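Asks: here is a sequence together with a model predicted from it:
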Amino acid sequence: MTDPATGQRRSAAARGTTVVLPVLLVASLAVQCVALYAPQGSGVSPFPLSDKVVHLMIFAMPAVLAVLAGFRPVVVLGALGAQAVLSEVIQGEFLASRSGDPLDVVADLVGVGIGIVVGVLLVRRRERSRLNPSGAERSRW
């Protein structure tokens, strides 16, 4: 298959990544929405601040996947940052069994930041690994 942007032939791995990353991104956003908007919270906390760890992770994963899928980091920050703030407002105002927590927003935004940094580093690594010293394409990524 040929990449329409470059006119070069893409490897099977590159074609698979084109399909898999958006699917994983949508799945991670679906999990995020269930965790944020389910009428009931998760219940008993297995350890102190475990809810903050969950918030961090459910925002970090979509951020990594979005950057890997080709979204600009500033777009990812804007979209997931808005989701972080709005989700707490919605929980506090419209979900009777939930409450908004400003510290959840902090955990969400830290997760977005970590996810973007990891995503950018992985994209850079992928770009560097595509070419070996002789300039030939490698099949690792």
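Replies: That came through, no problem.

Asks: let me know the helix or strand that the residue nearest to the spatial centre of the chain is in.
Replies: Relative to the mean C-alpha position of the chain, the nearest C-alpha, by Cα atoms, centre = their mean, is the one of P62, at 1.5 Å. Assessed by DSSP states H and E, P62 sits inside helix 50-68.

Asks: repeat that for P46.
Replies: Per DSSP H and E, there is no helix or strand for P46.

Asks: number the residues from 46 up from this point.
Replies: Done: numbering now begins at 46, and the last item shifts to P91.

Asks: read off the pLDDT value for it.
Replies: Here the pLDDT value assigned to P91 is 87.

Asks: likewise for L140?
Replies: 88.

Asks: give me the angle between the longest helix seen in the chain and helix 95-113.
Replies: Determined from DSSP state H, the single longest helix within the chain is helix 147-175. Angle of helix 147-175 versus helix 95-113, following axes from the mean of the first three to the mean of the last three Cα atoms, to 10 degrees, is 30 degrees.

Asks: list the contacts of the residue nearest to the centre of the chain.
Replies: P107 makes contact with 70, 73-74, 77, 125, 160, according to Cβ atoms under 8 Å, 6 or more residues apart in numbering. For the C-beta atoms, the positions are set from N, CA and C on the backbone; glycine is no exception.

Asks: report the two of these separated the most.
Replies: In the contacts of P107, the most distant members under the criterion Cβ to Cβ are L74 and G160, with 12.3 Å between them.
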